[in-house]
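Quick one, fold the following:
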Amino acid sequence: MASIKINKQNFFHNLNQFALKSGSKKSIAIVLKDNAYGHGLELMAQLSQEFELTKAVVRTYAEAQMIKPYFKHILVLGDKAVVDDKCSFTLNCLDDINKAQKNATVELKVDTGMHRNGIAFEELELALKLIKEKGLKLKGVMTHNRSADELSSELFWQQKIFEQVKKTVGSITPSINTRFHSFNSASALRLPCHNEELIRLGIGAYGYSELPSIYDTLDLKPVLSLWAKKVSTRELKKGERVGYGGTFTAPKNMTISTYDLGYGDGWMRSNSFEPFVTAEGLPILGRVSMDYIVLESTKDEVCIFDNALSAGKQLNTISYELMTQLHGDIERVVI
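Next comes the predicted model:
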């Protein structure tokens, strides 16, 4: 099977860039959902702890259980709220309040324009009332910005709505010490963030800014690289074809090798229609198989990509998808 190399120095560099901009490591909550964007959940939790981060964000309670030894607090984005001394749980709708376990620590999500999850602004007073009646501990109020990484003004009107949310919560629950957070990586890259209580740092920590080039951004370095090992080598004569359907025909005599990467490992088969070129300048020859690709190379190991942003553009997708679909069983090694 292929392997993934995790560059610890680059990861720490990226975290330091955001710590310097925000003014403190304390405001950073590292987002580790979906196997830490393909980097490895527990591995990245260990490295985050080594960098002295104390907060994390995950998708499920099962993920939270795996990383509890590494953090003081974990925000769970998408599971039923239960009583747990380290975890707070996102309330994505009014029904989540009814389902929550009494005395659970919760964070109320308010929809400020993304129209995905979160209660409507008009439901805010009712939600706060229900949270109190249910006996839940309100730790935070949050929202999510839908266009922070695009050339538009939508980020600013969402922030204005969230300011109204803060005022409303403050007027209804003045005695409760509630944290407010809306910043993801793109928001933190684009706006000043010294006064933010919490930054949910995802893709930026792993080395990528999706902001248009017109914006100033931080110096970020990719953390993950994907590698494949040679399985076999053969001589291919001019006119011979390779792989399923024989879609590649050798234009000359060639020495080719198969490498241990395929769509079974999470690599896209669709790249067969427009050959993907690896980080070493080698086009994949013919169709991607479940477990193998073919390259004109005899090297024992080749780097498939070391920059998910540019690799994703080749495959007509985004860095997030490319990395998160990499199989969890692929060995991840820290370098």
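
Going by C-alpha atoms from here, please, whenever you check contacts or count neighbours.
Fine.

Asn184: how many residues sit nearby?
Residues lying near Asn184 (other Cα atoms under 10 Å) number 23.

Who are the packing partners of the host helix or strand of Gln159?
Following DSSP states H and E, one finds Gln159 within helix 154-172. When contacts are defined as 3 or more Cα pairs under 8 Å, 6 or more residues apart in numbering; DSSP states H and E, helix 154-172 packs onto helix 124-134.

quick one, the helix it packs on and helix 154-172 angle?
Interaxial angle of helix 124-134 relative to helix 154-172 (axes from the mean of the first three to the mean of the last three Cα atoms, to 10 degrees): 50 degrees.

Please name every helix or strand in contact with helix 124-134.
Helix 124-134 is packed against helix 94-99, helix 154-172, with contacts defined by 3+ Cα pairs under 8 Å, 6+ apart.

coming back round to it: how far off centre is the helix holding Gln159?
From the chain centre to the centre of helix 154-172 is a distance of 26 Å (Cα atoms, centre = their mean, to the nearest Å).

Stretch 164-175 now?
The chain centroid and the centroid of stretch 164-175 are separated by 31 Å under Cα atoms, centre = their mean.

got it, and stretch 217-231?
Put simply, stretch 217-231 sits 15 Å off its chain's centre (Cα atoms, centre = their mean).

and it, which residues are buried?
Neighbour counts over stretch 217-231 (16 or more other Cα atoms under 10 Å) mark 217-218, 220-231 as buried.

Figure out the length between the terminal residues of it.
Terminal residues of stretch 217-231 are spaced 41 Å apart (Cα to Cα, to the nearest Å).

Pull up the pairing partners for the strand ranked longest in the chain, direction included.
Counting by DSSP state E, the longest strand found in the chain is strand 224-236. Strand pairing for strand 224-236, using DSSP bridges, gives strand 3-6 (antiparallel), strand 254-259 (antiparallel), strand 301-305 (antiparallel).

would JSON lines of those with mean pLDDT be doable?
Compiled in JSON lines, the strands paired with strand 224-236 are given as follows (pLDDT from 0 to 100):
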{"stretch": "strand 3-6", "mean pLDDT": "98"}
{"stretch": "strand 254-259", "mean pLDDT": "98"}
{"stretch": "strand 301-305", "mean pLDDT": "98"}
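
between the ones you listed, which one is nearest to Asp96?
strand 3-6 (36.8 Å; Cα to Cα).

Beyond that closest one, next helix or strand please.
helix 8-22.

Pull the residues that contact that next one.
25, 28, 47, 51, 188, 192-196, 204-207, 218-223, 334-335 (Cα atoms under 8 Å, 6 or more residues apart in numbering).

quick check: angle from that helix to strand 224-236?
With the same axes, to 10 degrees defining the directions, helix 8-22 sits at 150 degrees from strand 224-236.

Sheet-wise, list the partners of the helix or strand following the longest strand of the chain with their directions.
The helix or strand immediately downstream of strand 224-236 is strand 241-242, counting by DSSP H and E. Using DSSP bridges, the strands paired with strand 241-242 are strand 248-249 (antiparallel).

ok so, going back, pLDDT added to the buried residues of stretch 217-231, as TSV?
Formatted as TSV, the buried residues of stretch 217-231 follow (pLDDT from 0 to 100):
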residue	pLDDT
Thr217	86
Leu218	94
Leu220	97
Lys221	98
Pro222	98
Val223	98
Leu224	98
Ser225	98
Leu226	98
Trp227	98
Ala228	98
Lys229	98
Lys230	98
Val231	98
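
any low-confidence regions in the stretch 1-150 of the chain?
Within the stretch 1-150 of the chain, not a single segment meets pLDDT under 70.

can you give me the strands for it?
Remark: strands assigned in the stretch 1-150 of the chain by DSSP state E, counting those that start in this stretch are 3-6, 28-31, 55-58, 73-76, 87-91, 105-109, 137-142.

With respect to Gln314, which of those lies nearest?
Gln314 lies closest, by Cα to Cα, to one member of the strands of the stretch 1-150 of the chain: strand 3-6, at 19.5 Å.

Extract the CA atoms of the closest one and return them as PDB.
Extracted C-alpha coordinates of strand 3-6, given in PDB (Å, rounded to 0.1, in the frame of the first residue of the first chain):
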ATOM      1  CA  SER A   3       2.300   5.800   2.200                       C
ATOM      2  CA  ILE A   4       1.700   9.300   3.500                       C
ATOM      3  CA  LYS A   5       4.500  11.500   4.900                       C
ATOM      4  CA  ILE A   6       3.600  14.200   7.500                       C
END
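
Identify the residues contacting that strand?
39, 223-228, 330-335.

what's near enough to touch the most centrally placed residue in the chain?
Residue closest to the average C-alpha location in the chain (Cα atoms, centre = their mean): Tyr37, at 3.9 Å. Contact analysis of Tyr37 by Cα under 8 Å, 6+ apart lists 202-203, 320, 323-324.
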